[in-house]
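S.K.: Structure for the following, please:
(one chain, ligands or ions: 1)
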Amino acid sequence: MVELTLHEARARLDTGELTALALTDAFLERMAADESLHCYLTQSADLAREQAAAADERLAAGERGALLGLPIALKDVLSTEGVPTTCGSRILEGYVPPWDGTVVARLRRAGAVFLGKSNTDEFAMGSSTENSAYGPTRNPWDSTRVPGGSSGGSAAAVAADLCLAALGTDTGGSVRQPASFCGVVGLKPTYGRVSRYGLVAFASSLDQIGPLTKDVRDAALLLEAIAGADPLDSTSAPRAVPPYAEALERSELRGLRIGLPSEWFGDGLSSAVRSHVAAAVAQLEALGAELREISLPMTAYSIPIYYILAPAEASANLARYDGVRYGLRAAESPADIFDFIAQNREAGFGAEVKRRIMLGAYALSAGYQEAYYKKAQSARTLLKQEFDQTFEQVDLIAGPTTPSTAFTFGAHANDPLAMYLEDIYTIPVNLAGLPAISVPCGLADGLPVGLQLIAPAWEEERLLGAAYRYEAARGTIKR
Ligand code: GLN
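M.R.: A predicted model of the protein is given here:
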């Protein structure tokens with residue numbers, strides 16, 4: 001039963017063939033052996049069993065709901081009342097939030113079961129989970145390899161049947177890249193589609209919460225549950241949430257114009273990924289899509305833009321961890337308040353987080369702000385305009401999610417830039433605020449490859465519909 005999708009489990013719970021408690025216990029039993037993969041930082045077994053029992057009562061009373069009684073995992077950057085929320089950082093070790101973020105609150109009300117908090121690179125900064133202060137997650141397909149990141153714990157948990165589905169967050173690729181590495185579906189919604197209230201901020205102008213699931217229908221179901229305006233997040237859009245799952249049946253690939261960016265199939269793309277993505281694109285064409293070659297030359301600037309703007313925002317967002325308002329208090333006989341804060345931050349943050357804070361503070365400092373931060377903002381606008389113009393000619397964009405399949409631990413340990421380049425195809429999408437999905441499209445030497453589809457802002461219906469038709473033709477990929 002742990003291999004079910006959300007919608008399959010839904011059907012069994014609704015007929016009474018399965019109870020939420022039995023399903024939850026099956027996951028908790030498997031999770032007892034999670035040390036080998038280390039998908040979870042916290043397992044909330046008591047809460048999960050309590051929620052499952054309550055869901056069974058609601059079901060028995062005749063209540064129905066898309067997520068009622070379904071066990072899921074939450075990335076450990078989502079504020080969850082009563083459950084430790086560490087962001088993969090020592091600085092938040094032992095922090096138990098007294099409140100739920102909006103998305104978590106919605107899922108709780110919907111009757112979802114919280115199995116635990118999944119591993120992440122510290123403050124979601126990374127592409128491999130190697131930056132988690134609590135040790136990395138392993139890729140279920142090959143334990144010598146990373147699951148991707150930063151939502152690596154969520155992706156691996158879905159792939160290894162340690163939850164039915166999971167939530168991750170995507171600032172520069174952190175849902176889509178681990179989905180690609182672990183052979184699951186990962187969706188990054190339009191910026192503003194999902195409330196960020198209670199998502200511990202990394203780069204506020206880029207962060208979005210998104211689902212990691214076993215199939216496209218589940219991604220639609222989960223998006224429907226978490227999307228929508230929120231008075232507590234002024235960047236959440238006051239737009240109605242369409243019935244994404246129901247709309248899948250009406251979707252069509254026929255006649256859709258799909259753009260293939262020539263820059264995304266050139267240098268830097270591994271031949272294994274290239275051939276699988278090319279086959280997927282051919283399949284889209286066979287299903288009736290019309291292929292067009294397009295050009296996105298601003299792609300070349302996306303990594304520099306991102307690595308100025310994201311650290312700049314991070315350096316501001318992470319200022320609150322001072323050992324007073326939040327976080328580890330490790331200072332010993334501090335000379336003064338500055339020394340107190342410095343000692344706490346020195347002890348609490350890992351190397352990558354410190355690197356980002358320094359980069360960001362530098363880019364924002366007097367004298368450099370115009371040269372770096374403002375320049376990067378202008379370039380971001382140009383990149384966004386490039387996508388806007390492209391979407392006047394095509395309905396969707398297709399390409400690889402990542403340049404290569406899952407890499408081995410330590411492969412980029414001494415070269416942060418090589419790690420940053422892993423996100424070359426995902427970061428432009430965040431900078432432009434667009435929705436995108438990664439769908440498994442094959443196995444290269446036994447490792448999953450992801451096809452990325454990108455839609456204009458607010459066109460999640462079109463995006464999911466195309467992914468759904470592709471998946472139906474291709475089939476899901478099982479370990
Ligand atoms: N890998 C990118 C980074 O390190 C993206 C992370 C993310 O999307 N949270 O910033």
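
S.K.: For the helix or strand Leu464 falls within, the averaged confidence score.
M.R.: Under the criterion of DSSP states H and E, Leu464 resides in helix 460-474. Helix 460-474 shows a mean pLDDT of 97.

S.K.: Model confidence score at the nearest residue to Pro435 once chain neighbours are set aside, please.
M.R.: Leaving aside its sequence neighbours, Pro435 sits nearest to Thr190 (CB to CB, 6 or more residues apart in numbering; 4.5 Å). C-beta: built from backbone N, CA, C; applies to glycine. Looking at Thr190, its pLDDT reads 98.

S.K.: what's the helix or strand for Thr190?
M.R.: Using DSSP H and E, Thr190 sits in no helix or strand.

S.K.: Would you check that it makes contact with Ala457?
M.R.: Yes. The criterion here is CB atoms under 8 Å, and Thr190 meets it with Ala457 at 4.8 Å.

S.K.: list residues touching both of these two?
M.R.: Contact with both Thr190 and Ala457 is made by residues 433-435, according to CB atoms under 8 Å, 6 or more residues apart in numbering.

S.K.: now these as CSV including distance to the ligand and pLDDT?
M.R.: Converted to CSV, the shared contacts of Thr190 and Ala457 look like this (distance: CB to the nearest ligand atom, whole Å; pLDDT from 0 to 100):
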residue, distance to the ligand, pLDDT
Gly433, 14, 98
Leu434, 14, 98
Pro435, 15, 99
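
S.K.: wait, which of these is closest to Gly475?
M.R.: Of all the shared contacts of Thr190 and Ala457, Gly475 sits closest to Pro435, with 23.8 Å by CB to CB.

S.K.: ok, the closest one - how many residues close by?
M.R.: Using other CB atoms under 10 Å, Pro435 is surrounded by 26 other residues.

S.K.: what does the one 5 residues further on give?
M.R.: For Pro440, the tally of surrounding residues (other CB under 10 Å) stands at 28.

S.K.: show me the contacts for it.
M.R.: Residues near Pro440 by CB under 8 Å, 6+ apart: 180, 183-185, 448-451, 474, 476-477.

S.K.: Doesn't it lie inside a strand?
M.R.: Yes. If the criterion is DSSP: H, G, I helix; E, B strand; the rest coil, then Pro440 is within a strand.

S.K.: What strand or helix carries the nearest residue to it once chain neighbours are set aside?
M.R.: For Pro440, ignoring the flanking residues on the chain, the nearest one in space by CB to CB, 6+ apart is Ile477 at 4.3 Å. Under DSSP H and E, no helix or strand contains Ile477.

S.K.: hang on, isn't Ile477 packed against Gly183?
M.R.: Yes. Counting by CB under 8 Å, Ile477 touches Gly183, with 4.9 Å between them.

S.K.: shared neighbours of those two, anything?
M.R.: The contact sets of Ile477 and Gly183 overlap at 440, 443, 448 (CB under 8 Å, 6+ apart).

S.K.: Look at the last one and give its secondary structure.
M.R.: Put plainly, it is Pro448. Classified using three-state DSSP, Pro448 is strand.

S.K.: Tell me which residues touch it, please.
M.R.: Counting by CB under 8 Å, 6+ apart, Pro448 touches 141, 180-183, 405-406, 440, 442, 477.

S.K.: Could you rerun that using 10 Å?
M.R.: 139, 141, 148, 155, 159, 179-184, 276, 401, 405-406, 438, 440-442, 477, 479 (CB atoms under 10 Å, 6 or more residues apart in numbering).

S.K.: Tell me if I am right that Val281 is in a helix.
M.R.: Yes. Counting by three-state DSSP, Val281 is found in a helix.

S.K.: That one: neighbour count?
M.R.: Applying other CB under 10 Å, we find 20 residues neighbouring Val281.

S.K.: Could you do Tyr420 as well?
M.R.: 18.

S.K.: Give me the buried positions along stretch 333-342.
M.R.: For stretch 333-342, the neighbour count (16 or more other CB atoms under 10 Å) marks 340-342 as buried.

S.K.: Same question for stretch 269-281.
M.R.: Residues of stretch 269-281 classed as buried: 269, 272-274, 276-277, 280-281 (neighbour count, 16+ other CB under 10 Å).
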